[in-house]
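Trainee: coords below, sequence missing:
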């Protein structure tokens with residue numbers, strides 16, 4: 001699991017707090033991995049194991065999100081759902097395996113760049129989605145690239161989860177899906193499938209820090225439940241700004257660690 005520089009109770013409190021906050025963020029605006037991954041690294045979990053454990057911690061939230069869009073999913077052709085779920089499964093496992101064969105020192109160098117990419121993606125996600133939707137409405141949707149794009153996006157999601165939802169929403173908009181709720185339903189379904197399959201690969205490979213991971217799963221689930229209740233009360237723009245600031249701070253901290 002890695003040696004923890006903090007005592008058990010301090011570490012547990014930090015991890016539970018980060019996971020709870022991540023669950024709240026994911027329920028309202030996304031960006032929970034900006035908290036879970038750094039918290040795990042901070043308490044002494046090696047970066048690759050921290051990334052795998054972070055994926056485990058936030059995975060339960062995808063089930064609730066998917067169930068919330070079950071009517072939209074039922075309206076879609078079953079062959080399409082099966083095809084996309086198969087792609088998400090293969091991509092999630094491929095991304096997880098790619099992570100597992102990445103040398104620890106290389107991943108430590110990659111992490112701040114991934115955090116920076118995810119933060120920028122989160123910041124400009126709404127603009128990206130609007131432009132993709134506009135291109136789709138003007139007949140420039142690249143529908144033939146939907147499945148190849150889904151493969152690459154799911155591989156990224158299996159490797160590093162940050163910004164996955166934004167990438168999927170932009171992909172569906174750019175490839176002709178003009179129904180926002182349908183795009184959201186597909187995004188949640190494919191995130192659920194690839195997340196659980198990538199976590200399964202991490203479990204088989206022994207890359208999960210179980211004590212920390214189970215604690216964070218429980219806390220993130222509680223945070224997601226509360227976040228769903230608070231979503232209508234908190235200004236989303238304020239939450240988005242908080243996520244962006246958190247992402248930038250964590251990116252700076254990880255770049256500083258390289259020095």
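Mentor: It's in. Since this is a predicted model, take the numbers as computed values, not measurements.
Trainee: centroid residue for this protein?
Mentor: With distances taken as C-alpha atoms, centre = their mean, residue 161 lies nearest the centre of the chain, 3.5 Å away.
Trainee: in the longest helix seen in the chain, which residues are buried?
Mentor: Ordering each helix of the chain by length in residues (DSSP state H) puts helix 104-135 first. Within helix 104-135, the residues that count as buried by 16 or more other C-beta atoms under 10 Å are 107-108, 110-112, 114-119, 121-123, 125, 128-129, 132-133, 135. No exception for glycine: its C-beta is placed from N, CA and C like everyone else's.
Trainee: what about the very next helix or strand once past that helix, average pLDDT?
Mentor: Remark: after helix 104-135, the chain's next helix or strand is helix 146-159, criterion DSSP states H and E. Averaged across helix 146-159, pLDDT comes to 92.
Trainee: with stretch 223-241 instead?
Mentor: Mean per-residue pLDDT for stretch 223-241: 77.
Trainee: now that stretch: buried residues?
Mentor: For stretch 223-241, a neighbour-count test (16+ other C-beta under 10 Å) marks 223-224, 227-228, 239-240 as buried.
Trainee: can you flag which of these belong to helices?
Mentor: Counting by DSSP H, the buried residues of stretch 223-241 place 223-224, 227-228, 239-240 in helices.
Trainee: closest one of the residues you listed to residue 61?
Mentor: Nearest to residue 61 among these is residue 224, at 4.6 Å by C-beta to C-beta.
Trainee: picking that back up, report the angle between the longest helix of the chain and helix 146-159.
Mentor: Orientation of helix 104-135 against helix 146-159 (axes from the mean of the first three to the mean of the last three C-alpha atoms, to 10 degrees) gives an angle of 150 degrees.
Trainee: helices or strands up against helix 104-135?
Mentor: If you count contacts as 3 or more C-beta pairs under 8 Å, 6 or more residues apart in numbering; DSSP states H and E, helix 104-135 packs onto helix 33-42, helix 47-58, helix 164-174, helix 236-258.
Trainee: could you export those helices as a markdown table, including distance to residue 205?
Mentor: What follows is the helices and strands packed on helix 104-135, written out as a markdown table (distance: least, C-beta to C-beta, whole Å):
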| stretch | distance to residue 205 |
| --- | --- |
| helix 33-42 | 17 |
| helix 47-58 | 8 |
| helix 164-174 | 20 |
| helix 236-258 | 23 |
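Trainee: looking at these, which is nearest to residue 84?
Mentor: Closest approach to residue 84 among those is made by helix 164-174 (10.2 Å; C-beta to C-beta).
Trainee: and the next element down the chain from that closest one?
Mentor: Next element after helix 164-174 (DSSP H and E): helix 180-204.
Trainee: on that earlier part again, now the longest helix of the chain: mean pLDDT?
Mentor: When pLDDT is averaged over helix 104-135, the result is 84.
Trainee: for it, the distance to its chain's centre please.
Mentor: Centre-to-centre, helix 104-135 and its host chain are 11 Å apart (C-alpha atoms, centre = their mean, to the nearest Å).
Trainee: just want the angle from that helix to helix 180-204.
Mentor: Interaxial angle of helix 104-135 relative to helix 180-204 (the same axes, to 10 degrees): 170 degrees.
Trainee: residues contacting the nearest residue to residue 253 once chain neighbours are set aside?
Mentor: Nearest non-adjacent residue to residue 253, counting by C-beta to C-beta, 6 or more residues apart in numbering: residue 38, 6.8 Å away. Counting by C-beta atoms under 8 Å, 6 or more residues apart in numbering, residue 38 touches 18, 250, 253-254.
Trainee: counting neighbours, which of those residues comes out on top?
Mentor: When neighbours are counted by other C-beta atoms under 10 Å, residue 18 leads the contacts of residue 38 with 26 neighbours.
Trainee: so which bits of the strand or helix carrying that residue are buried?
Mentor: Under the criterion of DSSP H and E, residue 18 resides in helix 8-28. By 16+ other C-beta under 10 Å, the buried positions in helix 8-28 come out as 11-12, 14-16, 18-28.
Trainee: where does pLDDT dip in the stretch 1-150 of the chain?
Mentor: Flagging of the stretch 1-150 of the chain using pLDDT under 70 yields the residue ranges 1-6, 29, 132-133, 135-143.
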